[in-house]
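Q: 3D, please:
(2 chains)
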Number of protein chains: 2
Amino acid sequence: MSSDFPALYRLGIVGAGQIARMTHQAAVKLGITPRLLAEESDDSAALAAPDAVFGHPDSLVGFADTCEVITFEHERLDLGLLRRLEESGAKIRPGTKTVAAAFDKMHQRRVLLNRGFPVPVFSEVRSPDDLIDFSAVFDWPVVLKSIRAGRPGEKGVWIVENQHEAMAVLSENADRELMAENFQPIIKELVVIVVRRPGGNTRAYPVTETVQTDGVVREIRSPASVGHRVATEAKELATRIADELDAVGVLAVELFLTTEGLVVNELAARPHNAGHHTIESTPTSQFENHVRAVLDLPLGPTWQVAPAAVTMNILGGFDGVDPAEHLSEALSVEGVHVHLYGKRPKPGRKLGHVTALADDHELARDMARRAEAALQGRRPW
Amino acid sequence: MSSDFPALYRLGIVGAGQIARMTHQAAVKLGITPRLLAEESDDSAALAAPDAVFGHPDSLVGFADTCEVITFEHERLDLGLLRRLEESGAKIRPGTKTVAAAFDKMHQRRVLLNRGFPVPVFSEVRSPDDLIDFSAVFDWPVVLKSIRAGRPGEKGVWIVENQHEAMAVLSENADRELMAENFQPIIKELVVIVVRRPGGNTRAYPVTETVQTDGVVREIRSPASVGHRVATEAKELATRIADELDAVGVLAVELFLTTEGLVVNELAARPHNAGHHTIESTPTSQFENHVRAVLDLPLGPTWQVAPAAVTMNILGGFDGVDPAEHLSEALSVEGVHVHLYGKRPKPGRKLGHVTALADDHELARDMARRAEAALQGRRPW
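A: Numbering: from 1, shown residues only, chains lettered A, B, ... in the order given. Coordinates of the predicted model:
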């Protein structure tokens, strides 16, 4: 297996979803062919990349032997295993300090709080009593969260209005570790994508805004419609967190803009859904900059080339519509960039995204929505 | 083999060089995984795409059985075979009418002349006497050309100043069919890339200008520095040729701007080196529009997003320098787009290209040249 690996830049990617697929594409542009550790032969990236290795993420040890640098597209990994690999000389990027914070949300909260970053009030929920105590102090609603990332599409956040709802979530998720957070009214949800090289060189993309429907991000707007002060503060906050965690590669910092100011919501130590628009909207996509960063190559520019970029996620519906069957209708929306991931349709599954660039957000959103509707098989009358 | 081919858009690409590599990438973006018919396991596209089939281009019949649509990245194919495949129902795109003109330069000249397109005076050279007769009428220098395309990097055009030089070329190429053309002083070499759907819908990219050094294209500038009248005439000419040949997919029309006006130099029925800049300089690259066209999907916009785009080809030198070893220096040239093809270095081989976008050609060329020099291992002092 190792003998036929290209000599330079032996990059391994753990995971083979759409993030790995787009990261692979960015690497190929640079003449690099990463090797993938996939789980299923119809994984999105395994469909488009050669020589994927198939195995459970825990089969990482053998895989790591063939790579010089290893990066990840998901958080379903054994941190102990990564630490042992790192100790034995493997370049795990981002490093385990970042991975620990991204994989374990309680640990993340503690680290951020200790370093003085703004986070919501939080508490671990080891028993129903912990939750009752928390709600007694901070009142309902309470935000319940899974401490570890689930599989793609698996719910990990619940906003519960009362004790009855809370107990239902607890009993349905008895096998998962949960934590509670104080619910804060949110003005906007923002994401800052920062990319950082091992030496500390960092670049941030313009602040983006995500718009949820039914708890799922459907639309991403870049740049976010926030003032200069908020945008600057958000970028500084994200960059300081990346430095603090010695992050390498893309760190996506999800923020809440509340009446009290900016609060850190989540960290993801990988290219992020809110940065897919960078493929067309910036000179260097988040995927290419992630590859550059993990291989310790110079980073590329991150400024936005158009005044407005809007991405709509293409999610599988309950009607079983396959967006690939409606590609022609979507491509007839002039100027929209259509990305499909090659996945079989399943309700709630991310099957692709569309990005539109325009002079203003209204126009970009209109274009993206028309393409999204077309891919979903909805027709204008 | 056919059982695991994705159900929709069963696209086959014959050839696995950099054109196939970039076409594959454009298809993957749309959720399509083309299958490649490659020759060697280290072919550029075979390194980056899964499930390539290996075989001589003549093994096309078995390959064609697994595809719905077949397209090509080179001209080294048996036209009779393609005709038989087309007759048996395979969708050969571009069609054999276009392929015939692209593969056989004598046929191409005759077709263009018959339809009233401007071409140089030409004649087949079956014997030294044919050439002596031609030079007696049109005088030296004479342009000698191989009627059929050679392998990548193989010389196919010679400008001979006298009978002695001409006879040397004839004897060195005794196994190849040659033709002679009247030498015309060239003001500029232009390329128009046109893309056409089966129904006839056509779009043209901005006219580009190629700059040769030692008979090899090193630099491509887009748009070409020509007046509006020449640009319009060039686009109209290319579009009419595409219509005349019922072309499907990209047709690259190479033109000479002479003191007498525009003259058709060559046709290539595939994405073309002079269009690589469209990956970054237009909303829809020539590769994506080629995929869309051959699958009869709506074409995307072809306007240029920046005032100036310059591409420099990265050619293997006699010093054996591997550009991949200098990727870091090249990426440090801010804003340049670096593409490497994963090929082993060999003198004269196309190993990659760099594209720079800027407000003017001077600036774009300066950026592209700095990146090219860096990849070639040349350092500023």
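Q: Centroid-nearest residue for chain A?
A: For chain A, the residue sitting closest to the mean C-alpha position, by Cα atoms, centre = their mean, is A:His272 at 3.0 Å.
Q: Any idea which residue of the stretch 251-381 of chain A lies closest to chain B?
A: For the stretch 251-381 of chain A, the nearest residue to chain B under the criterion Cβ to the nearest Cβ is A:Leu340, separated by 2.6 Å. (C-beta placed from N, C-alpha, C; glycine too.)
Q: That residue - how many residues pack around it?
A: 24 (other Cβ atoms under 10 Å in any protein chain shown).
Q: Go ahead and confirm it touches B:Leu30.
A: Yes: A:Leu340 lies in contact with B:Leu30 (Cβ atoms under 8 Å); the separation is 5.9 Å.
Q: Show me whatever sits in contact with both of those two.
A: Common neighbours of A:Leu340 and B:Leu30, using Cβ atoms under 8 Å, 6 or more residues apart in numbering or on different chains, are A:Leu327.
Q: separation between A:Ile19 and A:Phe256?
A: Here the distance between A:Ile19 and A:Phe256 works out to 23 Å (Cβ to Cβ, to the nearest Å).
Q: Specify the helix with the largest residue count in chain A.
A: Taking DSSP state H as the criterion, chain A has its longest helix at helix A:228-244.
Q: So in chain A, where's the weakest helix or strand by average pLDDT?
A: Between all helices and strands in chain A, the lowest mean by mean pLDDT, DSSP states H and E belongs to helix A:60-65, at a mean of 88.
Q: mind listing what's buried in that helix?
A: For helix A:60-65, the buried set under the neighbour-count rule, 16 or more other Cβ atoms under 10 Å in any protein chain shown, comprises A:60, A:63-64.
Q: re earlier: name all residues that make contact with the closest residue to the residue nearest to the centre of chain A other than its chain neighbours.
A: Residue nearest to A:His272 in three dimensions, not counting chain neighbours: A:Ala252, with 3.4 Å by Cβ to Cβ, 6 or more residues apart in numbering or on different chains. If you count contacts by Cβ under 8 Å, 6+ apart, A:Ala252 has them with A:191-194, A:267-272, A:274-275.
Q: now the residues you listed in a markdown table, with secondary structure, pLDDT and distance to A:Ser146?
A: Supplementary listing: these in a markdown table, determined by DSSP: H, G, I helix; E, B strand; the rest coil; pLDDT from 0 to 100; distance: Cβ to Cβ, whole Å:
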| residue | secondary structure | pLDDT | distance to A:Ser146 |
| --- | --- | --- | --- |
| A:Val191 | strand | 98 | 20 |
| A:Val192 | strand | 98 | 23 |
| A:Ile193 | strand | 98 | 23 |
| A:Val194 | strand | 98 | 24 |
| A:Leu267 | strand | 95 | 15 |
| A:Ala268 | strand | 94 | 14 |
| A:Ala269 | coil | 95 | 17 |
| A:Arg270 | coil | 96 | 18 |
| A:Pro271 | coil | 98 | 22 |
| A:His272 | coil | 97 | 18 |
| A:Ala274 | helix | 98 | 20 |
| A:Gly275 | helix | 98 | 23 |
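Q: returning to that earlier point: kindly indicate whether the residue nearest to the residue of the stretch 251-381 of chain A closest to chain B when sequence neighbours are not counted is helix, strand or coil.
A: Once flanking residues are discounted, A:Leu340 sits nearest to B:Gly31: 2.6 Å by Cβ to Cβ, 6+ apart. The three-state assignment at B:Gly31 reads coil, by DSSP: H, G, I helix; E, B strand; the rest coil.
Q: try A:Val111
A: A:Val111 - assigned by three-state DSSP - is helix.
Q: any chance you could map the helices in the stretch 201-350 of chain A?
A: Assigned by DSSP state H, counting those that start in this stretch, the helices in the stretch 201-350 of chain A fall at A:228-244, A:278-281, A:286-294, A:327-331.
Q: The shortest one packs against which elements?
A: Helices and strands in packing contact with helix A:278-281 are listed as helix A:286-294, strand A:337-340, strand A:350-358; criterion 3 or more Cβ pairs under 8 Å, 6 or more residues apart in numbering or on different chains; DSSP states H and E.
Q: Partner strands of the shortest one, with direction?
A: Pointing back at strand A:337-340 there. Taking DSSP bridges as the criterion, strand A:337-340 pairs within the sheet with strand A:350-358 (antiparallel).
Q: For A:Phe117, see how far away A:Glu254 is.
A: The gap separating A:Glu254 from A:Phe117 is 13 Å, by Cβ to Cβ.
Q: which residues are common contacts for the two?
A: With Cβ under 8 Å, 6+ apart, A:Glu254 and A:Phe117 have common neighbours A:Val264.
Q: what's A:Gly316 in contact with, if anything?
A: Taking Cβ under 8 Å, 6+ apart, we find A:Gly316 in contact with A:345-351.
Q: ok, so of those, who is nearest B:Ala358?
A: A:Lys350 (35.9 Å; Cβ to Cβ).
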